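**Q** Please work out how this folds:
(one chain, ligands or ions: 1)
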Amino acid sequence: MVQFTKGHGTGNDFVILADPDGELPLTPATVAALCDRRRGIGADGVLRVIRAAKHPDGAAYAAEAEWFMDYWNADGSIAEMCGNGTRVFTRYLLTSGLAEPVQGGLPIATRSGVVRAVVGPATAGLAVVADEEISVDLGAPRLYGESTATVDGLALAGTVVDCGNPHLVCPVPAGVELSGLDLTRAPGFDPAVFPAGVNVEFVAPAEPVSGTDLHVLMRVYERGSGETLSCGSGAVAVAATALRAAGLRAGVVAVDVPGGRLTISVDSESAWLGGPAVLVAEGDTLR
Ligand SMILES: N[C@@H](CCC[C@H](N)C(=O)O)C(=O)O
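**A** The predicted structure follows:
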């Protein structure tokens, strides 16, 4: 029997397992069973809450961050980063009393380094604001060359972006409906560019939203989880790509995903990802 909490950020949902001292024998098969939407609890991934010092991938960060987000995709694979995961992880730490808000941002260790989380919207920067939103600075995304994804028999050119984990951001050409793309199957990609797989974002322009510089629509096919309602690191990759296409070095981008709206504030050093992060249930597995 294992105690769990269920939470989500704009519909990107997670089973959260508190395992402060690393005593849970978590395996790919256990994670896949927990995430199964018919035979398990159902989720896009698992967030194990473990002290950084107690996990081999977190120990190097233990002096900087007490807690390590041990993130697993729904298929049992692990990933370096999960933007929405860090926001929901932070909500869990604050709600459970394992951590308190820290001026300058609560440090969270991930496989891609330490990120900082604040309560409040992305545009509040480092201010600690009482708010439903949680924002995390994932650091400036790195944009590389171009590559191609194939979906529905279409080859779509995209930008390669590293947000700690790999992304390919593909604008949808005029005449192709974003909502019409078949994402029930994995898009094709170039394994020479993405030897460890890739998260593929599909993007279309949207009407301006007040308080932001740009507004786009996004759907995503996530490595290890399939199509999800939201992907935070993907939204950061999309925001950075959209700003560059608009000739801007910094700005605020609203990214609408099927599960809601994420707001990303990007400059040369940071990318604050903001949006709702909520816990919805607690329980025990029966085995
Ligand atoms: N949904 C996440 C990303 C989760 C990891 C991804 N599937 C990968 O394998 O890199 C997010 O919010 O960033």
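**Q** CA only for contacts and neighbour counts going forward, please
**A** Fine.
**Q** Run the chain-centre distance for stretch 209-222.
**A** Its chain's C-alpha centre and that of stretch 209-222 lie 15 Å apart, by C-alpha atoms, centre = their mean, to the nearest Å.
**Q** Wait, residue 54 touches residue 23, no?
**A** No - look at residue 54 against residue 23 with C-alpha atoms under 8 Å: they stay out of range, at 9.3 Å.
**Q** Next, count neighbours for residue 208.
**A** Applying other C-alpha atoms under 10 Å, we find 13 residues neighbouring residue 208.
**Q** That one looks like it's in a helix, true?
**A** No - using DSSP: H, G, I helix; E, B strand; the rest coil, the assignment for residue 208 is coil, not a helix.
**Q** who's in contact with the residue nearest to it when sequence neighbours are not counted?
**A** Distances taken as C-alpha to C-alpha, 6 or more residues apart in numbering place residue 215 nearest to residue 208, at 5.6 Å, with adjacent residues excluded. Residues near residue 215 by C-alpha atoms under 8 Å, 6 or more residues apart in numbering: 205, 206, 207, 208, 209, 253, 254, 255, 256.
**Q** Residue 54 and residue 23 - which one has more neighbours?
**A** Shown here are residue 54 and residue 23; by other C-alpha under 10 Å, residue 54 has more neighbours (18 against 10).
**Q** any idea how far the more buried one lies from residue 92?
**A** 19 Å (C-alpha to C-alpha, to the nearest Å).
**Q** and the residue nearest to residue 208, what are its bridge partners?
**A** Counting by DSSP bridges, residue 215 forms beta bridges with residue 254.
**Q** which residues of the stretch 101-250 of the chain fall in strands?
**A** For the stretch 101-250 of the chain, strands defined by DSSP state E, counting those that start in this stretch occupy the ranges 106-110, 113-119, 133-137, 142-151, 154-162, 166-171, 199-205, 214-222, 226-228.
**Q** Pull out the buried residues from the fourth one.
**A** For strand 142-151, the neighbour count (16 or more other C-alpha atoms under 10 Å) marks 143, 147, 148, 149, 151 as buried.
**Q** How about the third one: what's its closest non-neighbour residue?
**A** This means residue 148. With sequence-adjacent residues excluded and distances taken as C-alpha to C-alpha, 6+ apart, residue 148 is closest to residue 157, at 4.5 Å.
**Q** how's this protein carved up into domains?
**A** 2-137+276-285, 142-273 (automatic domain parsing).
**Q** quick one: average pLDDT of the shortest one?
**A** So the one you mean is domain 142-273. Averaging pLDDT along domain 142-273 yields 97.
**Q** So what's the gap between it and the chain middle?
**A** For domain 142-273, the distance to the chain centre is 12 Å (C-alpha atoms, centre = their mean).
**Q** And it, end to end?
**A** End-to-end span of domain 142-273 (C-alpha to C-alpha): 15 Å.
**Q** is it anywhere near the ligand?
**A** Yes - with C-alpha under 6 Å from any ligand atom as the criterion, the ligand is reached by domain 142-273 at 165, 222, 223, 224, 225, 231, 232, 233, 234.
**Q** Of these - the most surrounded one?
**A** Greatest neighbour count in these, by other C-alpha under 10 Å, goes to residue 234: 31 neighbours.
**Q** From what I see, it and residue 221 are in contact.
**A** No - using C-alpha under 8 Å as the test, residue 234 is too far from residue 221 to be in contact (9.6 Å).
**Q** got any residues that touch both of these two?
**A** Common contact partners of residue 234 and residue 221 (C-alpha under 8 Å, 6+ apart): 199, 200, 201.
**Q** Now do the second one against residue 173, distance only.
**A** Between residue 200 and residue 173 the distance, using C-alpha to C-alpha, works out to 15 Å.
**Q** These two: which has the busier surroundings?
**A** Between residue 200 and residue 173, counted using other C-alpha under 10 Å, the more crowded position is residue 200 (28 against 12).
**Q** check contacts around that one.
**A** Counting by C-alpha under 8 Å, 6+ apart, residue 200 makes contact with 149, 167, 168, 169, 170, 187, 220, 221, 222, 223, 234.
**Q** quick one: which of those residues is nearest to residue 134?
**A** Checking the contacts of residue 200 against residue 134 with C-alpha to C-alpha, the nearest one is residue 234 at 16.8 Å.
**Q** thinking again about what came up before, can you name the two of the buried residues of strand 142-151 that are farthest apart?
**A** Pairwise distances across the buried residues of strand 142-151 peak at 22.2 Å for 143 and 151 (criterion: C-alpha to C-alpha).
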